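Engineer: Predicted model and sequence follow; I will ask about them next.
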Amino acid sequence: MDNLRIKLQYYGAIREIVGKPEEEKNLDKEVPVLDFLRNITYDYGSKLHEEIFDLATNDVRKDVMLMLNGITLGREKLPNTLLKPGDELALLPTFPGGGF
């Protein structure tokens, strides 16, 4: 299979950690979203890992929202949902507050 390219969008504290609002990544094959998230935390270090993953359970934190191609992706789907060519994955930490 040819390399596949996906687009990542970062928001809030995650954007601050990675130092950019978005980037594209090339993958050798389709991979589950959960595996991909674990791999990018190795690229950016422990601070990103702590922002995305609950250190006690090693699951994605409940206050991190993931959107795949504009649709919210529940944490229960992360191990079985494969990233495919052209996918866009947004990582959004919950923003404090919420009132106007």
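Structural biologist: That came in fine, so what should we check first? As the structure is a computational prediction, the values presented were derived from the model and not from experiment.
Engineer: now the spatially most central residue of the chain, nearest residue through space, not along the chain?
Structural biologist: Per C-alpha atoms, centre = their mean, the C-alpha nearest to the average position across the chain is that of Leu91, at 4.6 Å. The spatial neighbour of Leu91 that comes closest, neighbours along the chain excluded (C-beta to C-beta, 6 or more residues apart in numbering), is Ile14 at 5.0 Å. Just so you know, the C-beta spots here come from the backbone N, C-alpha and C atoms, and that holds for glycine as well.
Engineer: Pull the contacting residues for the one you found.
Structural biologist: Remark: with contacts taken as C-beta atoms under 8 Å, 6 or more residues apart in numbering, Ile14 is in contact with Leu48, Glu51, Ile52, Val64, Leu91, Leu92, Pro93.
Engineer: how about 10 Å then?
Structural biologist: Going by C-beta atoms under 10 Å, 6 or more residues apart in numbering, Ile14 touches Leu8, Tyr44, Lys47, Leu48, Glu51, Ile52, Val64, Ala90, Leu91, Leu92, Pro93.
Engineer: farthest-separated two in these?
Structural biologist: Of all pairs drawn from the contacts of Ile14, the widest gap by C-beta to C-beta lies between Lys47 and Ala90 and measures 19.2 Å.
Engineer: Show me which of those two is the more surrounded one.
Structural biologist: Applying other C-beta atoms under 10 Å to Lys47 and Ala90 shows that Ala90 carries more neighbours, namely 19 against 14.
Engineer: which residues does that one bridge with?
Structural biologist: Gln9, Met67 (DSSP bridges).
Engineer: In contact with it, which residues?
Structural biologist: 7-11, 14, 22, 65-70, 72-73.
Engineer: go on, Ser46?
Structural biologist: Under the criterion of C-beta under 10 Å, 6+ apart, the contact list for Ser46 reads Leu55.
Engineer: got it, and the one 5 residues further on?
Structural biologist: Shown here is Glu51, whose contacts under the criterion C-beta under 10 Å, 6+ apart are 12-14, 16-18, 41, 44, 61, 63-64, 91, 93.
Engineer: now for the longest helix along the chain, which elements pack on it?
Structural biologist: Among the segments of the chain that qualify as a helix by DSSP state H, the longest is helix 33-44. Applying 3 or more C-beta pairs under 10 Å, 6 or more residues apart in numbering; DSSP states H and E, one finds that helix 33-44 makes contact with strand 4-10, helix 12-18, strand 22-27, strand 31-32, helix 46-52, strand 64-68, strand 82-83, strand 88-93.
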